[in-house]
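>>> how would this look folded up:
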Amino acid sequence: MKPSFAGARRWAGVHLFRLWTALAVVGSYGYLWVNKPEYLTWWKRTTDAVIEGGCGALPYPWGDRIESTIGDFGVWVQLTLAILTFRVSLSLLMMIIRSTRRRRR
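As a prediction, the model looks like this:
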């Protein structure tokens with residue numbers, strides 16, 4: 001039996017993608033903090049509105065509890081949502097590119 005490194009290569013590729021996207025978002029966050037802070041203000045207000053809207057749909061004690069808990073994490077929630085948004089948009093873009101390449105063949 002030959003040793004197969006396909007699983008290890010796949011694992012490394014997934015984690016390199018995760019690292020790359022996280023570093024890209026954190027780097028963008030630093031750039032915007034210095035040069036365009038109004039975008040960060042917009043992002044903060046948008047994420048706060050989404051959290052408030054989602055928690056407002058929950059029954060009385062739970063919505064307030066969850067909103068205050070998530071609000072305590074503040075910037076970490078914003079960074080996580082930014083990373084997830086970036087990954088989803090990048091994945092959608094790559095799916096579109098791959099589907100157009102398949103159609104050409």
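
>>> let me see the mean pLDDT of the host helix or strand of residue 14.
Using DSSP states H and E, the element containing residue 14 is helix 6-35. The average pLDDT within helix 6-35 is 93.

>>> which parts of it are buried?
Buried positions in helix 6-35, judged by neighbour count with 16 or more other C-beta atoms under 10 Å: 21, 22, 25, 29. Bear in mind the C-beta positions are built from the backbone N, C-alpha and C, glycine included.

>>> that one: how far from the chain's middle?
Remark: helix 6-35 is offset 10 Å from the chain centroid, using C-alpha atoms, centre = their mean, to the nearest Å.

>>> check stretch 97-105 too.
For stretch 97-105, the distance to the chain centre is 26 Å (C-alpha atoms, centre = their mean).

>>> what's it in contact with?
Applying C-beta atoms under 8 Å, 6 or more residues apart in numbering, stretch 97-105 has no contact partners.

>>> list the contacts for residue 27?
If a contact means C-beta under 8 Å, 6+ apart, then residue 27 has no contacts.

>>> can you report phi and psi for residue 53?
phi -70, psi -40 (degrees, to the nearest 10).
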